[in-house]
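Colleague: A structural model of the following input is requested.
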Amino acid sequence: MFVSISTTGTAGNPASDLGFLLHKHPDKVQRFTTAHGTAHVFYPESGEHMCTAALLLEVDPAALLRQGRGKGRSGSPDLALAEYVNDRPYAASSLLAVALRTVFRSAMKGECTHRPELPGRAMPLRISLPAVPVAGGGPALVERLFAPLGWQVEATPVPLDESFPEWGDSRYVRLELTGTLRLADALQHLYVLLPVLDGAKHYWVAPDEVDKLLSAGQGWLADHPERALITRRYLSRRYSLTRLAMERLALARLAEADDREAEELDNAVPDAPEEVTTDGTAAPAADAAPTQVQAQANAEPTAEPEPGHPAADDEATGRGGPLAVQRRTAILAALARTGAARVLDLGCGQGELVGALLKESRVTEVIGVDVSSRALTIAARRLRLDRMSERQASRVRLLQGALTYTDARLKGYDAAVLCEVIEHLDLPRLPALEYAVFGSARPAAVVVTTPNAEYNVRWESLPAGHLRHGDHRFEWSRAEFTAWAARVADSYGYTVAFEPVGPVDPEVGAPTQLAHFHLGEPAAAPAAAVTTTTTTDRTDAPSNDLAPEGSAHR
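Modeller: Numbering: from 1, shown residues only. Prediction:
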């Protein structure tokens with residue numbers, strides 16, 4: 001098993017700098033012991049204008065067999081002879097990928113103590129591999145994987161037998177990659193894509209493989225057009241690991257677009273939430289995933305509110321039950337008045353409203369959307385999606401996405417709900433959400449709830465001037481919310497009606513305010529509601545590419 005890495009240079013930037021990057025001296029032949037054989041590193045040529053480093057991996061078939069990966073789902077066929085006679089000693093596969101990481105670990109990390117300026121420099125590279133197994137797709141697959149990364153690809157099929165050309169080509173290709181890249185990036189591409197091309201790994205794929213994939217794929221995998229195929233094949237088609245990796249990749253893309261850390265977006269899950277099933281009953285989260293990390297609690301929680309939190313005072317008074325429950329009841333009533341059968345829960349959090357919607361026989365489809373992969377994982381567990389009947393499961397989907405992006409998956413629905421969502425966005429990002437929901441997705445009805453800032457004075461536990469939750473970016477008075485909703489309705493051709501949610505104080509109103517938008521004709525206004533009717537139908541709002549501001553909380 002063999003790979004060579006070549007570069008060219010000049011007097012000012014000699015090609016022999018490759019030795020510094022690889023941490024291997026060009027004048028020496030070095031030997032390294034691996035779990036499956038011996039790796040040799042040597043330089044066929046090293047000079048100012050041309051330098052080539054080669055890695056030769058001698059695989060011990062007996063050692064490979066002792067590792068227990070000679071057969072099974074991700075290994076060789078379950079045949080006695082195949083355990084001893086196979087292509088592993090000769091074809092570039094996961095064995096070579098592991099050897100690259102073992103021998104060139106520092107180079108792959110972009111570390112160079114003696115010449116710290118070198119790792120960040122793009123250099124002309126040529127990588128040659130005489131035999132690369134390609135499971136399905138042939139040279140075209142090699143092109144699809146490497147070309148988007150800046151490589152010029154020459155993949156030549158190896159015939160089964162040169163003496164019998166009529167037999168056709170084998171599944172192996174001679175591969176040569178040329179391009180101007182950082183050496184660390186080149187090594188990471190090989191580490192990830194060699195096992196992907198082979199379609200198998202010589203070792204058991206454990207959950208830590210997700211971290212290895214995302215670490216080696218940092219900076220390029222999230223935007224690769226074949227990221228789903230790469231992820232699936234790298235993780236040996238293990239569905240649970242593939243789904244986890246894709247969720248984390250999606251979150252990384254959103255965070256990078258907004259120049260933020262992924263942890264800042266994926267913050268919607270409280271610690272040890274209780275389960276809420278689709279029949280409205282609660283169950284303790286005894287089977288919660290042990291790997292869940294602590295995150296800040298949701299705004300106005302429905303169970304065990306924090307001491308001193310306004311929701312705790314509200315629950316203690318017994319005025320109509322917890323405010324979160326009253327809010328969901330008001331939303332369901334508003335949706336019932338429209339007869340909506342296909343509903344979007346935008347910023348679904350842990351799925352409380354999704355579960356309530358699934359209890360409505362009128363509702364045939366519910367889509368829950370949230371930017372937080374942890375929130376969606378908790379929602380799936382609380383809703384017990386894996387235990388639902390096929391008919392019930394066909395009614396619900398959970399999607400990861402940012403509400404400040406337009407999303408074709410969200411078009412054509414009867415209604416959308418933004419329950420306690422808008423206050424979690426910075427005000428400059430609200431226009432992006434407005435267009436994504438009202439201008440692009442354009443459901444027939446939209447229900448929006450948000451805190452009434454005027455009511456905050458009625459909670460003695462809330463210090464003056466403070467917002468109800470640490471992640472709220474603003475809280476509006478009734479006049480401010482009314483003005484915003486009227487402007488949005490006028491801009492996108494909706495009518496809007498308002499109603500209070502929760503106990504109504506004669507001076508400061510209700511704790512939550514609700515706006516019910518209806519496309520094209522007046523919405524049914526409940527008692528004591530204020531209605532604003534618009535006639536303008538403007539749908540030519542400019543598109544936006546703003547990144548998400550954070551996850552919506554319940």
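
Colleague: Tell me which residue of this protein is furthest from the middle?
Modeller: Relative to the mean C-alpha coordinate of the chain, counting by CA atoms, centre = their mean, the farthest residue is Ser163 (49.5 Å).

Colleague: which SSE is it in?
Modeller: Here Ser163 sits in a region with no helix or strand, counting by DSSP states H and E.

Colleague: Distance of it relative to His23?
Modeller: According to CB to CB, to the nearest Å, Ser163 and His23 sit 44 Å apart. The C-beta positions use only the backbone N, C-alpha and C, and glycine is treated the same way.

Colleague: Gly138 now?
Modeller: For Gly138 relative to His23 (CB to CB), the value is 35 Å.

Colleague: Low-confidence ranges, this protein, go.
Modeller: Low-confidence segments of the chain (pLDDT under 70): 62-84, 251-320, 521-554.

Colleague: shouldn't Val437 be in contact with Ala416?
Modeller: Yes: using CB atoms under 8 Å, Val437 is in contact with Ala416, at 6.1 Å.

Colleague: Pull up the overlap in contacts between the two.
Modeller: Here Val437 and Ala416 share the contacting residues 346, 443, 446, scored by CB atoms under 8 Å, 6 or more residues apart in numbering.

Colleague: Scan those and report the most crowded one.
Modeller: Most neighbours among the shared contacts of Val437 and Ala416, by other CB atoms under 10 Å: Val446, with 29 neighbours.

Colleague: Can you tell me the SS state at it?
Modeller: In three-state terms, and counting by DSSP: H, G, I helix; E, B strand; the rest coil, Val446 is strand.

Colleague: could you pull out the strands for the stretch 451-554 of the chain?
Modeller: 494-501, 512-519, 531-532 (DSSP state E, counting those that start in this stretch).

Colleague: Let me see the ranges of the strands in the stretch 201-350 of the chain.
Modeller: Under DSSP E, counting those that start in this stretch, the stretch 201-350 of the chain gives strands at 275-276, 282-283, 342-346.

Colleague: tell me the contacts of Val363?
Modeller: Taking CB under 8 Å, 6+ apart as the test, what Val363 contacts is 340-343, 357, 395.

Colleague: do Ser4 as well
Modeller: Applying CB under 8 Å, 6+ apart, the residues near Ser4 are 44, 52-55, 127-128.

Colleague: Among those residues, which lie within strands?
Modeller: 44, 52-55, 127-128 (DSSP state E).

Colleague: the longest strand in the protein is where?
Modeller: Max-length strand for the chain by DSSP E is strand 169-181.

Colleague: Which strands or helices does that strand pack on?
Modeller: Here strand 169-181 touches strand 123-133, helix 138-146, strand 152-159, going by 3 or more CB pairs under 8 Å, 6 or more residues apart in numbering; DSSP states H and E.

Colleague: how about a cut-off of 10 Å?
Modeller: When contacts are defined as 3 or more CB pairs under 10 Å, 6 or more residues apart in numbering; DSSP states H and E, strand 169-181 packs onto strand 2-8, strand 123-133, helix 138-146, strand 152-159, helix 183-198.

Colleague: The third one: which residues count as buried?
Modeller: Right, helix 138-146. Buried residues in helix 138-146, counted by 16 or more other CB atoms under 10 Å: 138-139, 141-146.

Colleague: Counting by contacts, list what it packs against.
Modeller: strand 152-159, strand 169-181, helix 183-198, helix 227-234.

Colleague: Direction included, what does the longest strand of the chain pair up with?
Modeller: strand 123-133 (antiparallel), strand 152-159 (antiparallel) (DSSP bridges).

Colleague: and those, which is most packed in?
Modeller: strand 123-133 (a mean of 18; mean count of other CB atoms under 10 Å).

Colleague: Now do it and helix 138-146, the angle between them.
Modeller: In terms of direction (axes from the mean of the first three to the mean of the last three CA atoms, to 10 degrees), strand 123-133 departs from helix 138-146 by 140 degrees.

Colleague: hmm, who's touching the host helix or strand of Met108?
Modeller: Assessed by DSSP H and E, Met108 sits inside helix 105-109. Contacting residues not belonging to helix 105-109 are listed as 5, 18, 20-24, 53, 100-102, 111-113, 118-119, 182-188, 190-191, 215-216 [CB atoms under 10 Å, 6 or more residues apart in numbering].

Colleague: Would you list the buried entries among those?
Modeller: Of the contacts of helix 105-109, these count as buried by 16+ other CB under 10 Å: 5, 18, 20-24, 53, 100-101, 112, 118-119, 182-188, 190-191, 216.

Colleague: Now Leu183. Nearest residue, chain neighbours left out?
Modeller: Leu21 (5.0 Å; CB to CB, 6 or more residues apart in numbering).

Colleague: just Val354 next, same as before
Modeller: Nearest one to Val354, counting by CB to CB, 6+ apart, is Gly368 at 4.6 Å.

Colleague: and if you look at Val192?
Modeller: Spatial nearest neighbour of Val192, excluding adjacent residues (CB to CB, 6+ apart): Ala216 at 5.1 Å.

Colleague: just Asp161 next, same as before
Modeller: Spatial nearest neighbour of Asp161, excluding adjacent residues (CB to CB, 6+ apart): Trp167 at 5.6 Å.

Colleague: I'd like to know how far the one you found sits from Leu160.
Modeller: According to CB to CB, Trp167 stands 4 Å off from Leu160.

Colleague: between those two, who's got more neighbours?
Modeller: Neighbour totals were compared for Trp167 and Leu160, and Leu160 leads with 15 against 11 (other CB under 10 Å).

Colleague: so who does Pro339 touch?
Modeller: For the record, residue 339 is Gly, not Pro. 362, 414-415, 444-445.

Colleague: follow-up on the earlier one: now tabulate the helices and strands packed on strand 169-181 in CSV and tack on distance to Leu175.
Modeller: Formatted as CSV, these follow (distance: least, CB to CB, whole Å):
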stretch, distance to Leu175
strand 2-8, 9
strand 123-133, 5
helix 138-146, 6
strand 152-159, 5
helix 183-198, 9
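
Colleague: Which of the ones you listed sits closest to His516?
Modeller: Of all the helices and strands packed on strand 169-181, helix 138-146 sits nearest to His516, with 47.6 Å by CB to CB.

Colleague: I'd assumed Thr377 was in a helix, is it?
Modeller: Yes: under three-state DSSP, Thr377 sits within a helix.

Colleague: Any idea how many residues pack against it?
Modeller: 19.

Colleague: That one is in contact with Leu383, isn't it?
Modeller: No: if you go by CB atoms under 10 Å, Thr377 and Leu383 don't touch, sitting 11.1 Å apart.

Colleague: List the buried residues in stretch 501-508.
Modeller: Buried residues in stretch 501-508, counted by 16+ other CB under 10 Å: 501-503, 508.
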